[in-house]
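> coordinates for the following, if possible.
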Amino acid sequence: MASAMLKPGADSAVFDRLGLEHNTMHDQRLAVEVLGLFLAQLPATLQLLDNAATAAEWKFAAHTLKGASAAVGAQKLQNLAACLENLAFPGEPGVRLLRLQGLRVAAAEFAQAAGSAYPPA
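Next comes the predicted model:
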């Protein structure tokens, strides 16, 4: 499905563990490491979206999140990031704020689901 076709309410998995395992060649240690890196970088990426002052900054941050989310199996985050990437900037402030709040909720859901699938040692 093309990213322009994705909708924020589209049904998508919070965490596609099989996708992550495929991307990490079924190496659990690598999966844990990749997840850790993604989760460590996630707050900074969300902050980039919050602080975007230009359309280019907005699109860069959303595109970065979309790609990273795809790599770790964060389908819901990937879907939302694709929507944000296509959202007019600066656009309607209320819509932008709601989308960012939804993104933060999805990020917390992903962190919880990933932590349950790969608990810390």
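
> contacts, neighbours, all on C-alpha from now
Will do.

> what ranges do the helices span in this structure?
17-23, 28-51, 55-72, 75-86, 93-117 (DSSP state H).

> and the angle for the last one with helix 55-72?
Using axes from the mean of the first three to the mean of the last three CA atoms, to 10 degrees, the direction of helix 93-117 lies 20 degrees away from that of helix 55-72.

> any residues touching helix 93-117, and which ones?
14-15, 17, 35, 39, 42, 46, 49-50, 74, 76-77, 80-81, 84, 90 (CA atoms under 8 Å, 6 or more residues apart in numbering).

> change it to 10 Å
For helix 93-117, contacts defined as CA atoms under 10 Å, 6 or more residues apart in numbering pick out 8, 13-17, 32, 35-36, 38-39, 42-43, 46, 49-50, 69, 72-81, 83-84, 87-90, 118-119.

> any stretches of the protein with poor pLDDT?
Scanning the chain for pLDDT under 70 picks out 1-12, 120-121.

> burial count for residue 14?
Residue 14: 21 surrounding residues under other CA atoms under 10 Å.

> with the one 10 residues further on instead?
Residue 24 sits with 18 neighbouring residues when counted by other CA under 10 Å.

> cool, and residue 44?
12.

> residues contacting it?
Residue 44 neighbours (CA under 10 Å, 6+ apart): 50, 61.

> pull out the buried positions in stretch 50-58.
For stretch 50-58, burial by neighbour count (16 or more other CA atoms under 10 Å) applies to 52, 58.

> send me that stretch as CSV with only the CA atoms.
Extracted in CSV, the C-alpha atoms of stretch 50-58 (Å, rounded to 0.1, in the frame of the first residue of the first chain):
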residue,chain,number,x,y,z
ASP,A,50,7.7,18.6,17.9
ASN,A,51,10.4,21.2,17.1
ALA,A,52,10.1,21.1,13.3
ALA,A,53,10.2,24.7,12.0
THR,A,54,10.1,24.0,8.3
ALA,A,55,8.3,21.6,6.0
ALA,A,56,11.7,20.0,5.2
GLU,A,57,12.5,19.4,8.9
TRP,A,58,9.0,18.0,9.4
